[in-house]
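> sequence and predicted structure below; questions after.
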Amino acid sequence: MENQEYIIRIKNLEKTFVTKTATVHALRDINLDIRKGEIFGIIGLSGAGKSTLVRCMNYLEVPTDGRVIFDGKDLGEMSEKELRKARQSMGMIFQQFNLLSQRNVLDNVCFPLEIAGMSKKEARKKAADLLSMVGLSEKAKAYPAQLSGGQKQRVAIARALATEPKVLLCDEATSALDPTTTKSILELLKEINANLGITIVIITHEMSVIEAVCNRVAIIDESRIAEMGEVSEIFAAPKSKIGRKLIFTESFQEMPFGNEKMYRIIFDGHSSYEPIISKIVMECKAPINIWFAESRNLNGNAVGQMIIQLPEDEMIANRIVNYMETEQIRFEEVINDGSTSR
């Protein structure tokens, strides 16, 4: 029996598209587990394979190889009827909302209920309740063309919740929205996750979205998963080149690293509140040059980094490194291109 801690398990997934002129490997050897009740992020640059991956999760795209286990059952072993039923447990939210322009807001939310065979009276009552949940009761009779982008996405979320899904798949759901509206939509998704216990999978190219709501994240690059883990851990110490590119600010990436002895101190939500530099200077009786520092708030914890330059004197530099190791300060040596050696 599949591990019941997980709602989605992807094993050795491959997706290849064959055209007359080329073979495109959209996904290569994807392995990931998504826990029940979490908000899981998948991030990567355009063309990395994010949207193909989310469409494989509900078999809108059939994988070329590998398995997708949803709620303990292999989608690849299901009949068409069983697959349609499984998809009802996976609501989907898109970048462009995909509302029916000829239907008003209430009827848009009713649409999946009608397809599922619910009576019109029951469907309209349920749709009204869902519109209240997303804060749009007063827009029930409006048409999509009369709504703002944020309101359209709220309608789309209400529609996705209509079939009482176990999972919400959000494919670039905030990419077409301004920052303020994006924040309100992400807050709504957090409330839905907390109040209904629905697992949410967020596909995005924006690190700020991952930072705002996700528990864990997978970074996808060139059709493969580059790294995966807790958001706080990935933000504090990204191991992959694409992770550093996505997480570190441009000012860090453009720093003129040379041959100086440089170290990156990692703040992981605890050490950031301690006077680390002052302690090093006093205990080691040596000056330290701070080249760069940044931090961000992740679920109430400060996460960030500081780049320091140690003295040229090797004995003093070693003393500082030994002190940081003794005090269990998280750090890495920075080499010429800004990457780390450990």
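On my side now, so go ahead. Numbers count the residues shown, from 1 in each chain.
> tell me which helix or strand Glu283 sits in.
helix 276-284 (DSSP states H and E).
> separation between the nearest residue to Ala218 once chain neighbours are set aside and Glu114?
Distances taken as CB to CB, 6 or more residues apart in numbering place Met228 nearest to Ala218, at 4.1 Å, with adjacent residues excluded. Placement of C-beta: from N, CA and C, glycine included. As defined by CB to CB, to the nearest Å, Met228 lies at a distance of 39 Å from Glu114.
> the two - which one has more neighbours?
Met228 (19 against 13; other CB atoms under 10 Å).
> tell me if the more buried one really is in a strand.
Yes: under DSSP: H, G, I helix; E, B strand; the rest coil, Met228 sits within a strand.
> pull the contacting residues for it.
By CB atoms under 8 Å, 6 or more residues apart in numbering, Met228 lies in contact with Leu32, Arg216, Val217, Ala218, Ile219, Ile234.
> repeat that for Ser137.
Per CB under 8 Å, 6+ apart, neighbours of Ser137: Ala128, Leu131.
> so which helix or strand takes in Arg319?
Assigned by DSSP H and E, Arg319 falls in helix 314-326.
> quick one: buried residues of that helix?
By 16 or more other CB atoms under 10 Å, the buried positions in helix 314-326 come out as Ala317, Arg319, Ile320, Val321, Met324.
> rounded mean pLDDT for that helix, please.
Averaging pLDDT along helix 314-326 yields 86.
> against Gly149, how distant is Cys56?
In terms of CB to CB, Cys56 sits 28 Å off from Gly149.
> more crowded one of those two?
Set side by side, Cys56 and Gly149 show more neighbours around Cys56, with 24 against 16, by other CB under 10 Å.
> are we agreed that the more buried one is in a helix?
Yes: counting by three-state DSSP, Cys56 is found in a helix.
> you'd agree it is up against Leu27?
Yes: contact criterion CB atoms under 8 Å: Cys56 and Leu27 qualify, at 7.0 Å.
> among the contacts of Met228, which are in helices?
Mapping the contacts of Met228 onto helices (DSSP state H) picks out Ile234.
> need the contacts of Met228 in JSON lines (columns: distance to Gly197).
Below are those laid out as JSON lines (distance: CB to CB, whole Å):
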{"residue": "Leu32", "distance to Gly197": "21"}
{"residue": "Arg216", "distance to Gly197": "17"}
{"residue": "Val217", "distance to Gly197": "20"}
{"residue": "Ala218", "distance to Gly197": "22"}
{"residue": "Ile219", "distance to Gly197": "26"}
{"residue": "Ile234", "distance to Gly197": "24"}
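> report the spatially nearest residue to Gly304, omitting neighbours in sequence.
Per CB to CB, 6+ apart, closest to Gly304 is Ser295, 3.0 Å.
> the one you found: which element?
strand 289-298.
> can you give the strand pairings for the next helix or strand after that strand, parallel or anti for each?
The element immediately downstream of strand 289-298 (helix or strand, assigned by DSSP H and E) is strand 301-309. In the sheet, strand 301-309 lines up against strand 262-268 (antiparallel), strand 289-298 (antiparallel) (DSSP bridges).
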